[in-house]
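Student: What follows is a predicted protein model with its sequence.
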Amino acid sequence: MRVLFVVAMLTLIVASPVLGEGNFDEWVRGLKAEAMEQGISSSLVDQAFEGVAPIPRVLELDRKQPESRMTFVEYRQMIVSAQRIAKGREMMAEHRDLLHQVGQRYGVQPRFIVALWGIETFYGKNSGGYRIVDALATLAFDGRRSQYFRTELLNALRILQDGHTSLDTMKSSWAGAMGQCQFMPSSFLQLAVDFDGDGRKDIWNTQADVFASAANYLSQSGWRGNQIWGRQVVLPNGFDLKEVTLKSRKPLQVWQHLGIRKPDGSNLPIAPLKASMVMPDGEGGPAYLVYDNYRVIMKWNRSTYFATSVGLLADALAE
Ligand SMILES: [Ca+2]
């Protein structure tokens, strides 16, 4: 903990003066040249970088890791809130036909599409208000993960060049996640979908494209539309916590044999599924048996807090 803190302080000390020294402009010139070499038009490049400046708030957010300060139970309370459940049910009803179509096409149950949408941006309400070029330039210039963010910035310019959206509409989170489903530009290029067929993959303002892009992401990551994500379970007294790891997968009947039960004490379902045990808060916290679809959600975001909450919200939307 102390070591991490010292490293963070050093990064601050090293990074802060650099921002003020004016070599950002020189760095931007190099980036613009690279973009044009990659075939981005000079007029787009000029427009995109007009008035670009590092955003101190982005660096501040990049150095924070809120999740590590919160228990899973606290996180779950905040994310799978009554308000998010109520709004999600409303959205399920409002977009029923479209969700059904998208769900059929990609083999993903609509409640999972809506849960991801609800957690990422509160159903499209909070999709981030940063100018994406400025946000990604800040992170690419900062030096900690420069190459990753530089590539994402060039990908963002490619998306603009292809005409999917406009510079004014292309807002993102502080870390460059875009639109209602919060795709990074590289994910957009690989997985976004033009579901309404107007020629543009519009994950900012076209509901059909938002749902289909999220569903396509899951589908391409191995989603199984005939399975659920997992379930909360209870452990017998003296249960060996060595079993609690995503590294081992056991058939449900083995878990049943080890004394794992549904929260009401009843038997686990009889199904030919393999599952792992997850306890985000460790001993004494809630326990979940998770299936292959849980691992797919973790390809979207590698956090057990996130994946478990998506599953729980999806369950609440189905009730
Ligand atoms: Ca479209």
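Tutor: Arrived safely.
Student: which parts of this protein sit against the ion?
Tutor: Residues of the chain lying close to the ion (Cβ under 5 Å from the ion) are 194, 196, 198, 200, 202, 206, 209. C-beta here means a position set from N, CA and C on the backbone, and glycine is covered the same way.
Student: Take these and lay them out in a markdown table including secondary structure and neighbour count.
Tutor: Compiled in a markdown table, the residues of the chain next to the ion are given as follows (DSSP: H, G, I helix; E, B strand; the rest coil; neighbours: other Cβ atoms under 10 Å):
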| residue | secondary structure | neighbour count |
| --- | --- | --- |
| D194 | coil | 16 |
| D196 | coil | 15 |
| D198 | coil | 11 |
| R200 | coil | 17 |
| D202 | coil | 22 |
| T206 | coil | 20 |
| D209 | helix | 26 |
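Student: Redo these as TSV? Include pLDDT and distance to S276.
Tutor: Formatted as TSV, the residues of the chain next to the ion follow (pLDDT from 0 to 100; distance: Cβ to Cβ, whole Å):
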residue	pLDDT	distance to S276
D194	98	36
D196	98	38
D198	98	42
R200	98	40
D202	98	37
T206	98	37
D209	98	33
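Student: pLDDT (mean, whole number) over the strand or helix carrying N155?
Tutor: Element membership for N155, per DSSP states H and E: helix 146-161. Helix 146-161 carries an average pLDDT of 97.
Student: same question, stretch 117-133
Tutor: Mean pLDDT, stretch 117-133: 96.
Student: Please spell out which residues along that stretch are buried.
Tutor: 117-124, 127-128, 130-133 (16 or more other Cβ atoms under 10 Å).
Student: Can I get it in PDB, CA atoms only?
Tutor: Extracted C-alpha coordinates of stretch 117-133, given in PDB (Å, rounded to 0.1, in the frame of the first residue of the first chain):
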ATOM      1  CA  TRP A 117     -26.500  -0.500 -20.700                       C
ATOM      2  CA  GLY A 118     -27.900   0.400 -17.200                       C
ATOM      3  CA  ILE A 119     -24.600  -0.100 -15.400                       C
ATOM      4  CA  GLU A 120     -22.400   1.600 -18.000                       C
ATOM      5  CA  THR A 121     -24.400   4.800 -18.600                       C
ATOM      6  CA  PHE A 122     -27.600   4.600 -16.600                       C
ATOM      7  CA  TYR A 123     -29.500   3.600 -19.800                       C
ATOM      8  CA  GLY A 124     -27.700   6.200 -21.900                       C
ATOM      9  CA  LYS A 125     -28.100   9.100 -19.500                       C
ATOM     10  CA  ASN A 126     -24.400   9.400 -18.400                       C
ATOM     11  CA  SER A 127     -22.300   8.500 -21.300                       C
ATOM     12  CA  GLY A 128     -19.500  11.000 -20.500                       C
ATOM     13  CA  GLY A 129     -19.100  14.500 -21.500                       C
ATOM     14  CA  TYR A 130     -15.400  14.700 -22.400                       C
ATOM     15  CA  ARG A 131     -14.100  15.600 -25.900                       C
ATOM     16  CA  ILE A 132     -12.600  12.300 -26.800                       C
ATOM     17  CA  VAL A 133      -9.600  13.700 -28.600                       C
END
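Student: Now find how far off-centre that stretch is within its chain.
Tutor: 11 Å (Cα atoms, centre = their mean, to the nearest Å).
Student: Would you mind putting the buried residues of stretch 117-133 into TSV with secondary structure and distance to Q220 alongside?
Tutor: Below are those laid out as TSV (DSSP: H, G, I helix; E, B strand; the rest coil; distance: Cβ to Cβ, whole Å):
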residue	secondary structure	distance to Q220
W117	helix	17
G118	helix	21
I119	helix	20
E120	helix	17
T121	helix	21
F122	coil	25
Y123	coil	23
G124	coil	22
S127	coil	22
G128	coil	24
Y130	strand	27
R131	strand	29
I132	helix	23
V133	helix	27
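Student: Closest one to the ion out of those residues, please.
Tutor: G124 (15.2 Å; Cβ to the ion).
Student: Right, I'll call it a day here.
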